[in-house]
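Novice: this is the structure alone, sequence omitted:
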């Protein structure tokens with residue numbers, strides 16, 4: 001079903017040690033800032049941070065399961081990483097319909113991830129193809 005302008009949906013998740021380990025293993029990104037306490041303690045962050053793409057993956061989950069929903073296919077995504085995601089943070093990914101094309105089932109959505117303090121950690125814009133199966 002084609003969503004309407006201004007519709008919004010979100011998903012919240014708390015990043016755990018297991019999430020970071022599994023994400024690193026899955027994608028092969030074992031950057032020590034994510035997986036090594038001693039290394040990360042010497043960085044500007046002072047401790048380990050989650051992979052930025054983990055937050056973007058939450059956006060993908062919202063798009064594919066909630067809005068527009070099942071059958072949605074990514075065409076593009078712009079991303080700005082604005083702040084780190086620390087282990088233990090609860091991140092809420094939110095998408096808002098910004099544009100719906102009249103001639104094709106293509107939707108543009110504002111994408112945003114915020115931590116539990118309301119700080120924006122990731123923002124951008126997604127363009128998706130909506131499969132109208134219903």
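Specialist: All right, it came through fine. It should be emphasised that the depicted structure is a prediction, and the values quoted were computed from it without experimental measurement.
Novice: where does this protein have low pLDDT?
Specialist: Where the chain drops to pLDDT under 70, the residues are 133-134.
Novice: show me the strands in it, by range?
Specialist: In chain order, the chain shows strands spanning 8-14, 73-81, 90-100, 106-114, 120-129, with DSSP state E as the criterion.
Novice: so who does the nearest residue to residue 5 once chain neighbours are set aside touch?
Specialist: Spatial nearest neighbour of residue 5, chain neighbours left out: residue 97 (5.5 Å); criterion: CB to CB, 6 or more residues apart in numbering. C-beta: built from backbone N, CA, C; applies to glycine. For residue 97, the residues meeting the contact criterion (CB atoms under 8 Å, 6 or more residues apart in numbering) are 3-8, 67, 107-109.
Novice: ok, residue 122 next?
Specialist: Residue 122 makes contact with 52, 55-56, 59, 79-82, 111-113 under the criterion CB under 8 Å, 6+ apart.
Novice: got it, and residue 87?
Specialist: For residue 87, the residues meeting the contact criterion (CB under 8 Å, 6+ apart) are 15-17, 20, 47-50.
Novice: how far does the longest helix along the chain sit from the chain's center?
Specialist: Taking DSSP state H as the criterion, the chain has its longest helix at helix 52-65. The chain centre lies 4 Å from the centre of helix 52-65; the measure is CA atoms, centre = their mean, to the nearest Å.
Novice: pull the residues that contact that helix.
Specialist: With CB under 8 Å, 6+ apart, helix 52-65 has contacts from 9-11, 13, 15, 19-20, 23, 27, 29, 70, 72, 74, 77, 79, 81, 85, 91, 93-95, 109, 111, 113, 121-122, 124, 126, 128.
Novice: quick one, it and strand 120-129 angle?
Specialist: Orientation note: helix 52-65 sits at an angle of 40 degrees relative to strand 120-129 (axes from the mean of the first three to the mean of the last three CA atoms, to 10 degrees).
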